[in-house]
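Visitor: I would like the atomic coordinates for the input below:
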Amino acid sequence: MERMSINVDENEMSASIQARENLVSKGFSNRPSGATPLFLRLDEGEGFVIITVMLHRILLLLLSVSLFAVADEATPPKGFHAIFNGKNLEGWYGWNPHLTERIKDEAKKAEDRAKQREEFASHWTVENGELVNPGTGPYATTEKDFGDFILKIEYKTVPGADSGIYLRGEPQVQIWDETQVFNPEKPDRRPHLGSGGLFNNPVKTLGRDPIEKADKPFGEWNSYEIKMIGDRVWVTLNGKRVVVGARMANYFDKEAAVPAKGPIMLQTHGGEIRWRNIFIREVGTKEAAQFLAANPPIPDPTYYDVAYGPHPKQAFHFWKAESDKPTPVLVYIHGGGWNAGNRNAVNGMLPKLLAAGISVASVEYRFIAEAIKDGVEPPVKAPLTDAARAIQMIRSKAEEWGIDKTRIGASGGSAGACTSLWLAFHDDLADPKSDDPIARESSRLSFAAVDGAQTTLDPAQMKEWTPNSRYGGHAFGLVGAPFDEFLAKRESLLPWIQEYSPYALVTPDDPPVYLAFRTPPAMGQEEKDPTHTANFGVKLQEHCQEIGVKCELFYPGAPGAPVESSEAYIIKFFGAAK
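Guide: Modelled structure (predicted):
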């Protein structure tokens with residue numbers, strides 16, 4: 001490490017406040033001292049140079065040129081290279097392909113493209129290492145074409161703007177103003193779900209809308225990582241995976257596949273957008289083939305976003321297994337503490353279940369915050385009864401969809417596992433006298449096969465089984481409260497606990513359950529992950545055996561476990577029941 005100090009009279013510094021802020025925003029740091037010096041750190045490989053500015057304007061001016069040069073050239077991640085240099089428009093030109101496509105005459109098309117290229121610099125500028133557009137003119141287009149790649153890019157936009165990233169010249173990874181209110185008159189335009197989806201793909205296909213909302217508030221920078229291998233796309237927005245391996249459609253030629261190569265294009269209209277730190281890594285043929293082999297495509301649902309209630313979250317995807325007779329159904333309920341997660345969690349087991357002749361429904365539901373907003377008490381009632389309603393809805397479609405309503409099981413992880421067990425042990429929620437035909441259907445299951453389940457929501461039991469337990473209070477409205485407060489309020493919450501805790505509901509007529517955990521139990525001891533400890537499984541199995549309900553338990557080293565995964569249990573159960 002090298003260190004040098006250069007003294008400059010601060011009162012004589014000619015650099016503007018704006019310049020100082022720009023330096024800081026490029027990765028420098030600012031540290032005040034008694035004389036309030038400007039403290040800058042520049043990463044240089046394994047070492048770094050620390051420059052403390054305290055005297056002499058001349059030396060500051062001599063340094064400023066090299067400092068700004070470093071500021072303008074952000075360092076690409078390992079294996080990536082910059083396709084925007086942060087200084088000028090080199091490597092980019094202007095082209096809005098939608099305008100060109102409207103022109104039929106080839107000569108006029110060429111004229112149009114030449115005109116857009118000429119107009120490019122009047123709409124796009126570079127400011128402080130950022131590529132800026134006010135919302136007008138042709139799209140910023142790379143001179144180079146790309147095949148398979150991983151693109152990293154950051155953007156910042158304003159309310160009302162609408163933008164996107166075109167891949168190989170095809171639209172687009174969408175950027176929305178996600179504060180827009182959903183308009184039911186335009187049901188296929190859903191900005192409220194957030195950015196990152198492949199908006200120009202056909203409606204009701206996976207990937208068109210993001211899996212979850214990941215946008216940052218206006219004024220903050222958002223970061224994308226976009227992987228395109230063949231015609232498939234993976235999108236990560238601000239660290240959250242929002243599209244997983246969806247096939248990108250050819251927007252300009254509906255009958256053709258997407259081009260094998262094409263430019264990256266930055267769309268703009270409706271308002272200012274800024275881009276920075278644009279890096280790309282081109283993926284070779286061998287790596288691409290290996291990645292695709294390890295990540296087989298997920299088929300689009302047979303029935304997409306089937307609504308089972310009025311809330312936008314009350315919907316499920318349904319995949320019909322190929323069969324000449326009614327199929328069994330696995331209802332998947334994702335985890336995430338009833339606060340996060342998404343239906344995409346079923347993807348790992350989906351191909352094998354469909355191949356085994358098992359139809360699959362993956363359910364979305366209201367989270368705790370949405371339940372509180374809806375006035376549901378206790379909040380956990382919403383995700384649990386939502387799942388029950390989804391099962392009733394599936395049964396109501398038995399004849400239309402060709403499914404066997406007498407063979408429906410449930411699976412899920414963590415909170416989704418708890419929900420599945422609650423459904424397995426709860427009395428039937430069917431109301432034979434209801435005017436609603438869906439409500440007349442049964443909510444009962446053939447089995448539940450789950451992973452990492454919380455088998456009780458009773459804080460006293462959790463504390464006894466695992467002393468450092470910390471989960472569950474939010475289910476009863478104690479959002480953010482410490483576990484000790486949950487425990488202290490147990491008596492007042494007991495009626496709810498007895499209604500919504502799976503352990504409390506077990507009766508002799510309940511279906512079999514299968515529990516899988518990643519680590520062995522350590523009863524009465526503190527656990528590294530007390531929320532998903534196998535202690536939950538041991539105590540539920542003991543309880544079920546006392547009552548006469550079959551309960552199979554797997555964890556590493558578990559004695560006598562017949563199968564080692566919930567997926568294997570599901571296939572075995574439905575296969576044996578043929």
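
Visitor: Spell out which residues make up each domain of the protein.
Guide: The chain breaks down into these domains under automatic domain parsing: 2-72, 92-294, 303-576.

Visitor: Relative to His81, which of those domains is closest?
Guide: When those are compared by CB to CB, domain 92-294 sits nearest His81, at 6.6 Å. For every residue, glycine as well, the C-beta is placed using N, CA and C.

Visitor: if we can go back for a sec, to Ile83, which of the domains of the chain lies closest?
Guide: That would be, of the domains of the chain and by CB to CB, domain 92-294, which comes in at 5.4 Å.

Visitor: same question for the closest one, mean pLDDT?
Guide: Summarised as a single mean, pLDDT over domain 92-294 is 94.

Visitor: follow-up on the earlier one: any chance of the domains of the chain in TSV with distance to Phe80 and mean neighbour count as columns?
Guide: Formatted as TSV, the domains of the chain follow (distance: least, CB to CB, whole Å; neighbours: other CB atoms under 10 Å):
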stretch	distance to Phe80	mean neighbour count
domain 2-72	16	14
domain 92-294	4	18
domain 303-576	26	19
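
Visitor: First residue to last residue on stretch 456-468, what's the distance there?
Guide: One end of stretch 456-468 sits 15 Å from the other (CA to CA, to the nearest Å).

Visitor: re earlier: distance to Ala82 for the domains of the chain - can I get that in JSON lines?
Guide: Shown next, in JSON lines, are these (distance: least, CB to CB, whole Å):
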{"stretch": "domain 2-72", "distance to Ala82": "10"}
{"stretch": "domain 92-294", "distance to Ala82": "6"}
{"stretch": "domain 303-576", "distance to Ala82": "32"}
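
Visitor: And those: which comes nearest Phe84?
Guide: domain 92-294 (4.1 Å).

Visitor: Can you name the residues in contact with stretch 136-146?
Guide: 83, 89, 91-97, 99, 116-117, 119-120, 122-124, 131, 133, 166, 168-169, 261-269, 275, 280, 282 (CB atoms under 8 Å, 6 or more residues apart in numbering).

Visitor: roughly how far is stretch 107-116 from the heart of the chain?
Guide: 40 Å (CA atoms, centre = their mean, to the nearest Å).

Visitor: Please read the previous query as pertaining to stretch 436-450.
Guide: With CA atoms, centre = their mean, you get 28 Å for stretch 436-450.

Visitor: Could I get the average pLDDT for that stretch?
Guide: Averaged across stretch 436-450, pLDDT comes to 98.

Visitor: same thing with stretch 366-384?
Guide: 97.

Visitor: Residues contacting it, please?
Guide: 311, 313-314, 336-340, 365, 386, 415, 419, 422-423, 457, 474-477, 479, 493, 496, 500.

Visitor: cutoff 7 Å now
Guide: 311, 313-314, 338-339, 365, 386, 419, 422, 474-477, 479, 496, 500 (CB atoms under 7 Å, 6 or more residues apart in numbering).

Visitor: What of stretch 311-328?
Guide: 299, 301-308, 343, 350, 354, 357-366, 370, 386, 390, 401-404, 407, 574.

Visitor: Check stretch 476-490 too.
Guide: Taking CB under 7 Å, 6+ apart as the rule, stretch 476-490 contacts 368, 378-380, 459-460, 463, 469-470, 472-473, 493, 496.

Visitor: Which of the domains of the chain sits closest to Lys78?
Guide: Here domain 92-294 is closest among those (CB to CB), at 9.0 Å.
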